[in-house]
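Asker: output the structure for:
(3 chains)
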Amino acid sequence: MIRKNALLTVYHRLFEAYGPQHWWPARTPFEVMVGAVLTQNTAWTNVKRAILNLEQAGCLDALSMVSLTQEQLAELIRPSGYFNIKAKRLLNFVAWYLECGGHKNLEATDTPELRGLLLAVNGVGPETADDILLYAFERPVFVIDVYTRRLFTRLGLIGGDEDYETLRGAFESALDRDVPLYNEYHALIVRHAKEKCAWHQDCHHCRVEAPL
DNA sequence: TACCAGGAGAAAA
DNA sequence: TTTTCTCATGGT
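Answerer: Reported below is the predicted structural model:
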């Protein structure tokens, strides 16, 4: 059980330190979904190169992408790493996406069912599904990643070894179902994780991670 | 030169 | 069921 006040205090510290992050960095919901798969265990700088390649090849939409062979897609997304497995995953995902009738049809599906459908796609795990739900479908789903675990473990608000669903449930129970809040919160956690602080001098990093 | 990055799934134990 | 292995480029 996490206290709402503690979560809001951490959020305000993050926002004061870093300001609005303007997530997700993409032009369309489909681009969000592609980015969510490509960024699995991968630095975003590499994902940007892959997305630029897709854009320049005119393949940043579902119909164009699904017409590519796995080898062609792999070559375009090479800079994002794991390009063979990610090409399979993207083709799996796009096939499912088109089969479901695309974004407009899926928008009519309620959140628990849509989450189940996403998780049934090979290559879409809990974090990728929740990135897509929050940032492409604007559903109030709190994304849990390694940075979230690390920050809130350091703050003493969680044990750190809880499973994914337990943590997501804890955050969503403590907070109102607020899409803009979840959007900014996760983005700020990622932004904060990139802050270097070797010596715990006075800095943004330490002001955020100070005892509550 | 090592090590890490907006994870997920298959294989092994 | 839980742990370990595999996937791979680019920046620090």
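Asker: for the residue of chain A found nearest DNA strand B, which non-adjacent residue is closest in space?
Answerer: The minimum distance from chain A to DNA strand B, using C-beta to the nearest atom of the strand, falls at A:Gly125 (2.3 Å). All C-beta atoms are positioned from the backbone trio N, CA, C, and that covers glycine. By the measure of C-beta to C-beta, 6 or more residues apart in numbering, the closest residue to A:Gly125 outside its immediate chain neighbours is A:Leu119, 7.3 Å from it.
Asker: show me the contact partners of the longest helix that chain A contains.
Answerer: The helix that spans the most residues within chain A, counting by DSSP state H, is helix A:83-99. Residues from elsewhere that reach helix A:83-99, judged by C-beta atoms under 8 Å, 6 or more residues apart in numbering: A:30, A:33-34, A:37-38, A:40, A:62-63, A:65-66, A:68, A:70-71, A:73-75, A:77, A:80, A:103, A:106, A:117, A:121-124.
Asker: among those, name the ones in strands.
Answerer: Among those, no residue falls in strands (DSSP state E).
Asker: neighbours of the residue of chain A closest to DNA strand B, how many?
Answerer: A count of nearby residues for A:Gly125, using other C-beta atoms under 10 Å, gives 14.
Asker: for it, give its distance to DNA strand C.
Answerer: Using C-beta to the nearest atom of the strand, to the nearest Å, A:Gly125 is found at 12 Å from DNA strand C.
Asker: please apply the same query to A:Asn105.
Answerer: In this structure, A:Asn105 and DNA strand C are 31 Å apart, going by C-beta to the nearest atom of the strand.
Asker: for chain A, which segments count as helices?
Answerer: For chain A, the helices defined by DSSP H occupy A:4-18, A:29-38, A:44-56, A:62-66, A:70-76, A:83-99, A:102-107, A:111-119, A:126-135, A:146-154, A:164-174, A:179-193, A:204-209.
Asker: do the lowest-mean-pLDDT helix or strand in chain A and DNA strand B meet?
Answerer: For chain A, the helix or strand with the lowest mean confidence is helix A:204-209, at a mean of 90 (criterion: mean pLDDT, DSSP states H and E). No: interface with DNA strand B: helix A:204-209 contributes nothing (C-beta under 7 Å from any atom of the strand), its closest point being 14.0 Å away.
Asker: and that helix, how far out from the chain middle?
Answerer: Centroid displacement of helix A:204-209 relative to its chain, using C-alpha atoms, centre = their mean, to the nearest Å, is 23 Å.
Asker: which residues touch A:Val66?
Answerer: With contacts defined as C-beta under 8 Å, 6+ apart, A:Val66 is in contact with A:91, A:94-95, A:98.
Asker: how near is the residue nearest to A:Cys203 when sequence neighbours are not counted to A:Thr148?
Answerer: Using C-beta to C-beta, 6+ apart and skipping the chain neighbours, the partner closest in space to A:Cys203 is A:Cys197 (5.5 Å). Using C-beta to C-beta, to the nearest Å, we find A:Cys197 at a distance of 18 Å from A:Thr148.
Asker: quick one, which of the two is more surrounded?
Answerer: For the pair A:Cys197 and A:Thr148, the greater number of neighbours falls to A:Thr148 (21 against 13), based on other C-beta under 10 Å.
Asker: and the pLDDT at that one?
Answerer: A:Thr148 carries a pLDDT score of 97 in this model.
Asker: please consider this matter closed, and thank you.
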